[in-house]
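okay, predicted coordinates and the sequence, questions at the end:
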Amino acid sequence: MVERYTLYKDDWCPFCRRVQTFLAEARLDVPMRDTFNDAGARGELMAGGGRATVPCLKIEADGAERWLYESADIIDYLRSRASP
Ligand SMILES: N[C@@H](CCC(=O)N[C@@H](CS)C(=O)NCC(=O)O)C(=O)O
């Protein structure tokens, strides 16, 4: 199953930075949406995930989407998907 990811983050958040550092080290190219500078991105996060907390990973597959909060859970999830 092919999954598509979008990371909702802001530049001031240390938990977001932790996820971004992991992505860089793992060489994973995940599109990002900045909820601090982009009201549209913040609206998407609120509407889809239910709260404004970042980081949050949107996971799209088979026409469905999941919103995963918590930096440690996001890293664990992407690590497991990158090397099952
Ligand atoms: N335990 C969470 C902490 C996330 C967190 O506290 N994010 C802050 C920014 S650094 C936030 O979005 N606060 C605003 C809110 O929750 O609405 C994680 O590791 O991801």
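Structure's in. What do you need?

residues contacting stretch 33-41, please?
Residues outside stretch 33-41 that contact it (C-beta atoms under 8 Å, 6 or more residues apart in numbering) are 6-12, 42, 44-45, 52, 54. The C-beta positions use only the backbone N, C-alpha and C, and glycine is treated the same way.

likewise stretch 23-32?
In contact with stretch 23-32 (C-beta under 8 Å, 6+ apart) are residues 5-9, 20, 22, 57, 78-79, 82.

any of these buried? List them.
5-9, 20, 22, 57, 78 (16 or more other C-beta atoms under 10 Å).

in helices, which of these appear?
20, 22, 78 (DSSP state H).

how about those residues in a markdown table, adding pLDDT and distance to the ligand?
Output for those, formatted as a markdown table (pLDDT from 0 to 100; distance: C-beta to the nearest ligand atom, whole Å):
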| residue | pLDDT | distance to the ligand |
| --- | --- | --- |
| Gln20 | 98 | 12 |
| Phe22 | 98 | 12 |
| Leu78 | 97 | 14 |
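
what's the spacing between Arg17 and the ligand?
Distance, Arg17 to the ligand, using C-beta to the nearest ligand atom, to the nearest Å: 9 Å.

can you give the distance from the helix or strand encompassing that residue to the centre of its chain?
Secondary structure from DSSP states H and E places Arg17 in helix 14-26. Here helix 14-26 shows a centroid-to-chain-centroid distance of 10 Å under the convention C-alpha atoms, centre = their mean, to the nearest Å.

also stretch 7-15?
The chain centre lies 9 Å from the centre of stretch 7-15; the measure is C-alpha atoms, centre = their mean.

dump it to PDB, restricted to CA.
C-alpha atoms of stretch 7-15 as PDB (Å, rounded to 0.1, in the frame of the first residue of the first chain):
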ATOM      1  CA  LEU A   7       4.100  17.000   8.000                       C
ATOM      2  CA  TYR A   8       2.400  20.000   9.700                       C
ATOM      3  CA  LYS A   9       5.000  21.900  11.600                       C
ATOM      4  CA  ASP A  10       6.100  25.400  12.600                       C
ATOM      5  CA  ASP A  11       9.700  26.700  12.700                       C
ATOM      6  CA  TRP A  12       9.600  27.600  16.400                       C
ATOM      7  CA  CYS A  13       8.700  24.100  17.700                       C
ATOM      8  CA  PRO A  14      11.500  22.000  19.100                       C
ATOM      9  CA  PHE A  15       9.400  18.800  18.600                       C
END
